[in-house]
Structures are given as structure tokens and as C-alpha cells.
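sharing a sequence plus its predicted fold:
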Amino acid sequence: LPELSDLVASGLDARSDVRASRLDQTIAATQQRAATGALFPRVDAFANWGASGGSLSQQNSDHTFGVVATWRIADPSVWEGRRRAAEEVKIAEARHTQTTNDTELGIVTAWEHTRAAEAREAIASRSIAQADEVLRIVRDRYEQGLTSITEVLRAQMALLEARLLALHAIYDHSISYAELLQSSGRLDSLDMFMRAAVRSTGEAK
């Protein structure tokens, strides 16, 4: 399994819902700055240069410089817009925090489920090996007349049950691994996932 920290970082970077909440947070902050800016004065500067005279050699230059300050009288609607913009920022921040926490929790949960399923698959694989060895011993004893056919059938049934449990473990492992890839934003290609599933099935057989 990949490192949990890498999966969390990948999920927070690749998940569309996390990116959307981050974008909403940026938009809300921009709108708040615009609403706050409406309360400040506007300052415009200008400059002008000209020349006049009867000929090109005799000219009088004139220069004009100026600064214009415009102060908007804030009406109640401006203050109300600023208040709403501040609330939208808080809402966007809360949504982003909630989305981030939900994403991290989903990744950690899927990672733990995958670890547990991986361990069950390993145990099931060892159970198959043990059941197969028991069946070999029972068959040898049956060929030497030391046991009955019933014991052979029981050993065969135990091996069949071990293989069935292994297939269930492989299924659980595959599902939990797919959920882990999805929750971390890495389920962009099924090639690696399918190769792992085919390899696990082959080992179970």
C-alpha cells in the first residue's frame, strides 16, 4: 500500500470536491475585498503637457497636474453587502474545512479497510497451503490403508472451503483497494487495479 500521508496529500490535491470548495473560498474572499473596497475613497491622478506659440521656435509650454479624490457616501446597502460578504467567507471556509476533513477521514478509513483485507487475504493464502498439505498427508495414509475415504473427503472439503474463503478475501481486498483509490483521487486508470486483481486470483488458485 502507498503511504497514508501520500494518499491524503493526493486526495486533497486531486479530489474535485476539495478543489471546488477551495475555489469557493477564493471567490468569497475576492468578493469580500470588493465589498470592503467600496467603503474607501477613490483617488485618480492625471497629468497634461502642451505647447502653444506663433512658430515652432517660439512656443510656451504649459503643464497640468492633478489629483482627484472621490469619497462615496456609504448607504446602508453597502454596509449590508459588506456584512453578507464576510458571512460568505466564513461559510466558504467552514465548507472547505468540512470537505477536507471528510476527505481525510474517507481516505484513512479506506486505507485501514484495505490493510485489514490484505491481512485476511494473506491468512487465507496460508490456510490454503495448510489444507493442501493436510490433504496430501491424508491421501498418503489412505493409499497405505491407514485411514478411510471419509477422511480424504473431509480433507478435500477443508481445502475447498479454504479456497472459497480466499476468494472472499480477494474480493474484499479488491473492493477496499478500489475505494481507497477513489477516495484518494487515484482511480484514473484501471490497469494497475486489474493487474493486481488477476494476480491475487491466480495466487488463490
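Received, thanks. Residues are numbered from 1 along each chain as shown.

residue 42 touches residue 67, doesn't it?
No - counting by Cβ atoms under 8 Å, residue 42 does not reach residue 67; the two are 11.2 Å apart. (C-beta placed from N, C-alpha, C; glycine too.)

quick one: which of these two has more around it?
Neighbours per residue (other Cβ atoms under 10 Å) separate residue 42 from residue 67, with residue 42 holding more: 11 against 8.

what sits closest to that one if chain neighbours are left out?
residue 70 (4.4 Å; Cβ to Cβ, 6 or more residues apart in numbering).

quick check: the gap between the one you found and residue 119.
From residue 70 over to residue 119 the distance is 71 Å, taken as Cβ to Cβ, to the nearest Å.

report the buried residues of stretch 3-23.
4, 7, 8, 10, 11, 12, 15, 18, 21, 22 (16 or more other Cβ atoms under 10 Å).

cool, stretch 157-172 as well?
158, 159, 162, 163, 165, 166, 167, 169, 170, 172.

adding secondary structure, pLDDT and distance to residue 85, write those out as JSON lines.
Formatted as JSON lines, the buried residues of stretch 157-172 follow (DSSP: H, G, I helix; E, B strand; the rest coil; pLDDT from 0 to 100; distance: Cβ to Cβ, whole Å):
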{"residue": "158", "secondary structure": "helix", "pLDDT": "92", "distance to residue 85": "70"}
{"residue": "159", "secondary structure": "helix", "pLDDT": "92", "distance to residue 85": "69"}
{"residue": "162", "secondary structure": "helix", "pLDDT": "92", "distance to residue 85": "64"}
{"residue": "163", "secondary structure": "helix", "pLDDT": "93", "distance to residue 85": "64"}
{"residue": "165", "secondary structure": "helix", "pLDDT": "91", "distance to residue 85": "59"}
{"residue": "166", "secondary structure": "helix", "pLDDT": "91", "distance to residue 85": "59"}
{"residue": "167", "secondary structure": "helix", "pLDDT": "92", "distance to residue 85": "57"}
{"residue": "169", "secondary structure": "helix", "pLDDT": "90", "distance to residue 85": "54"}
{"residue": "170", "secondary structure": "helix", "pLDDT": "89", "distance to residue 85": "54"}
{"residue": "172", "secondary structure": "helix", "pLDDT": "90", "distance to residue 85": "49"}
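
how far does the helix or strand where residue 95 lies sit from the chain's center?
If you go by DSSP states H and E, residue 95 is part of helix 76-143. Distance, stretch centre to chain centre, for helix 76-143: 12 Å (Cα atoms, centre = their mean, to the nearest Å).

ok, residue 70 and residue 119, which is more surrounded?
Higher neighbour count among residue 70 and residue 119: residue 119, with 12 against 8, using other Cβ under 10 Å.

ok, residues contacting the strand or helix carrying residue 20?
Assigned by DSSP H and E, residue 20 belongs to helix 16-37. When contacts are defined by Cβ atoms under 8 Å, 6 or more residues apart in numbering, helix 16-37 is touched by residues 11-12, 78, 81-82, 84-86, 88-89, 91-93, 95-96, 99-100, 103.
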